[in-house]
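Asker: Sharing a model that was predicted from the sequence below.
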Amino acid sequence: KAGVTQTPRYLIKTRGQQVTLSCSPISGHRSVSWYQQTPGQGLQFLFEYFSETQRNKGNFPGRFSGRQFSNSRSEMNVSTLELGDSALYLCASGLGGGSSTGELFFGEGSRLTVL
Amino acid sequence: LAKTTQPISMDSYEGQEVNITCSHNNIATNDYITWYQQFPSQGPRFIIQGYKTKVTNEVASLFIPADRKSSTLSLPRVSLSDTAVYYCLVGAVSNYQLIWGAGTKLIIKP
């Protein structure tokens, strides 16, 4: 069974640009959540999608947005990039309910560097 | 709303048993507790999940007291490769919220 795939793995952008990151969940998983992790920091929750609907959202500015497609693949977008957006962005997939709440499978992440 | 609190760091020695405790005072009746392990530059990896009492798998045990206000991840006979950050997660079944702890950096010494 293929794992969670995130693309691209690495990217470099400059301030003011925008970026789109992609996440393909494990087949059959309908929940996708996104996290930002800066060096030495924990997981900062961005948002979670389930069946194309945003179900929960963290405390990030509106520059951070996401969506989920009918095949459960998800994208997140960051507009008007700032230096502080440099981070590892992690995506996690899960079945999304009941006892599976909290049982997540993570991708390897997309490392974004903003210059 | 549950909030999870765990120690920032711990260290131990190879061959010892390590216990990491997470506090989650406002956990709801149906919430599940899950623990993850993360190595540098990798995504977290599922270790164990529980609801109450004790759960054991091939790598760890999870102890949850009757009041469920805390949980303890137990790693038996640790090795250097267990050096990692360990996260506690409360999964709220009622509204699907995921409440993460800040992570415990565990360092295993030879």
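Answerer: Structure received. Numbers count the residues shown, from 1 in each chain, chains lettered A, B, ... in the order given.

Asker: Next secondary structure after the helix or strand of chain B with the lowest mean pLDDT?
Answerer: Comparing every helix and strand of chain B by mean pLDDT, DSSP states H and E singles out strand B:98-100 as the least confident one, with a mean of 87. The helix or strand immediately downstream of strand B:98-100 is strand B:104-109, counting by DSSP states H and E.

Asker: from the chain's centre, how far out does that next one sit?
Answerer: 13 Å (C-alpha atoms, centre = their mean, to the nearest Å).

Asker: now it: mean pLDDT?
Answerer: Strand B:104-109 carries an average pLDDT of 97.

Asker: Backbone dihedrals for A:G42, both of them.
Answerer: Main-chain dihedrals, A:G42, degrees, to the nearest 10: phi -80, psi -170.

Asker: and the residue nearest to B:G50 when sequence neighbours are not counted, how many residues sit next to it?
Answerer: Leaving aside its chain neighbours, B:G50 sits nearest to B:L62 (4.3 Å; criterion: C-beta to C-beta, 6 or more residues apart in numbering or on different chains). Where C-beta positions appear, they are placed from N, C-alpha and C, glycine not excepted. Look at B:L62: counted by other C-beta atoms under 10 Å in any protein chain shown, it has 22 neighbours.

Asker: Okay, and the beta partners of B:L62?
Answerer: B:V55, B:L73 (DSSP bridges).

Asker: gap between the two ends of stretch B:35-52?
Answerer: 14 Å (C-alpha to C-alpha, to the nearest Å).

Asker: Would you mark the buried spots in stretch A:105-114?
Answerer: For stretch A:105-114, the neighbour count (16 or more other C-beta atoms under 10 Å in any protein chain shown) marks A:F105, A:F106, A:G107, A:E108, A:G109, A:S110, A:R111, A:L112, A:V114 as buried.

Asker: Next up, identify which helix or strand the spatially most central residue of chain A is on.
Answerer: In chain A, the residue lying closest to the centroid (C-alpha atoms, centre = their mean) is A:W34, at 3.0 Å. For A:W34, the host element (DSSP H and E) is strand A:31-37.

Asker: and that strand, what does it pack onto?
Answerer: strand A:44-50, strand A:74-78, strand A:87-94 (3 or more C-beta pairs under 8 Å, 6 or more residues apart in numbering or on different chains; DSSP states H and E).
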